[in-house]
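Novice: sequence and predicted structure below; questions after.
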Amino acid sequence: MGHWEKDALSLIDKLGGKIRWLIFGGQYTEPLLNPYFLDFVRKTIKWGSHYGLHTNGSLIKEVAHELARLATSAKDFVTCSLDAGTPEIHAKIKNLKSNEFDHVIEGLETLMKFRGAKSFPAVRMTYLMNKQNAIPAEIKNAVAIMRRIKPDTFRFSIPYDYYGKNFSAVKRYRKSIELKYEKEYFNLVAPYLSQKPERPFIFWLPTRSQDVNRLTFERCIYGYFAVTFGADGWMYRCPSVAASDFKSCRLGRITSDLGEFKRMIAKGQDPDWKPIACYKQGGRCNRVAIEINDIWRKHDA
């Protein structure tokens, strides 16, 4: 980070709002660590587009005022992974030596305070379940905190397996973790799930939404919706492979040249390109990509 941001900011000006969403993700990095983060959000809103943020929440307090001030509708959103109900379990899961949990909660409270009576930005919380946090008391405490803070949604789910693995390993993970524990974990959170519209709306996301067996090697159109600037200064076909491990999925260096950017988008839409290149390196679709490609195949049939 720190070598390509000025080119990307210049490109946003030249695009003039033609890209409707700019989403800042933390799949491989924490976006709030980037010193240009708020510059990107300001540019996004300036041109009438919308921002999205996926964060671990560690620095949310520091940017809460600007995120709330700049948001123009619920199409602007903040997604934060909580994954615990106490500082002790949070530190264990995140491999921390200090109490960052209370700081995350304070940051969320600050964001909701600045949001005030508005319904935006939308604030979405997640709880990725594992053996360490699938504890009745932990879940109960997390729900109590969320009901006090009142974000828009609170999602429970079992996390993906790690990227970069071969598919036989991912399939073993599905069998040994996703399918083995799905019913048990669901039963733990079932008493808290929302049965009517409320805030937060608490829900469970089933593992079918990330089932590795739903992936195909034939064609991927996800890049049409989500080309990605990687933290390493390269533009990638989609956010799932936006890391230096996936060099075959690079479209080119991040640039301020609008014509070059358009050429990279065209390269990403080559109908002869096969996503086997992603899968050979352990890259695989995220939930959104799975749904988009499923819909496309049904339409194409």
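Specialist: Cool, got the structure.
Novice: any weak-confidence spans in the stretch 101-250 of the chain?
Specialist: The stretch 101-250 of the chain contains no residues with pLDDT under 70.
Novice: which stretches in it count as helices?
Specialist: Along the stretch 101-250 of the chain, counting by DSSP state H, counting those that start in this stretch, helices occupy 101-115, 136-149, 167-173, 179-189.
Novice: out of those, which is closest to C285?
Specialist: helix 167-173 (11.4 Å; CB to CB). From N, CA and C alone the C-beta is placed, and that goes for glycine too.
Novice: which of the helices of the stretch 101-250 of the chain sits closest to G223?
Specialist: Each of these has some distance to G223 by CB to CB; the shortest is helix 167-173, at 20.3 Å.
Novice: just the strands from this structure, written as ranges.
Specialist: Remark: strands assigned in the chain by DSSP state E are 21-24, 50-55, 77-81, 122-128, 153-157, 201-204, 228-229, 234-236, 250-253.
Novice: between the ones you listed, which one is closest to L179.
Specialist: strand 153-157 (13.8 Å).
Novice: surely S98 meets H90?
Specialist: No. S98 sits out of contact with H90 when judged by CB atoms under 8 Å, with a separation of 10.5 Å.
Novice: would JSON lines of the helices of the stretch 101-250 of the chain with distance to I265 and mean neighbour count be doable?
Specialist: Output for the helices of the stretch 101-250 of the chain, formatted as JSON lines (distance: least, CB to CB, whole Å; neighbours: other CB atoms under 10 Å):
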{"stretch": "helix 101-115", "distance to I265": "33", "mean neighbour count": "19"}
{"stretch": "helix 136-149", "distance to I265": "39", "mean neighbour count": "17"}
{"stretch": "helix 167-173", "distance to I265": "28", "mean neighbour count": "15"}
{"stretch": "helix 179-189", "distance to I265": "38", "mean neighbour count": "15"}
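Novice: reformat those helices as a markdown table; add distance to I23.
Specialist: Output for those, formatted as a markdown table (distance: least, CB to CB, whole Å):
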| stretch | distance to I23 |
| --- | --- |
| helix 101-115 | 17 |
| helix 136-149 | 23 |
| helix 167-173 | 24 |
| helix 179-189 | 27 |
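Novice: which one of those lies nearest to K196?
Specialist: Nearest to K196 among the helices of the stretch 101-250 of the chain is helix 136-149 (14.2 Å), distances taken as CB to CB.
Novice: name the residues that touch that closest one?
Specialist: Helix 136-149 has contacts (CB atoms under 8 Å, 6 or more residues apart in numbering) with 82, 84-86, 89, 105, 108-109, 112, 125, 127, 133, 154, 156, 188-189, 192, 200, 202.
Novice: domains of this protein: list them as residue ranges, please.
Specialist: Annotated domains of the chain cover 56-208, 222-300 [automatic domain parsing].
Novice: how distant is the longest one from the center of its chain?
Specialist: In this view, domain 56-208 has its centroid 12 Å away from the chain centroid, taken as CA atoms, centre = their mean, to the nearest Å.
Novice: ok, back up a step: of S98 and H90, which one has the most company?
Specialist: Shown here are S98 and H90; by other CB atoms under 10 Å, H90 has more neighbours (24 against 8).
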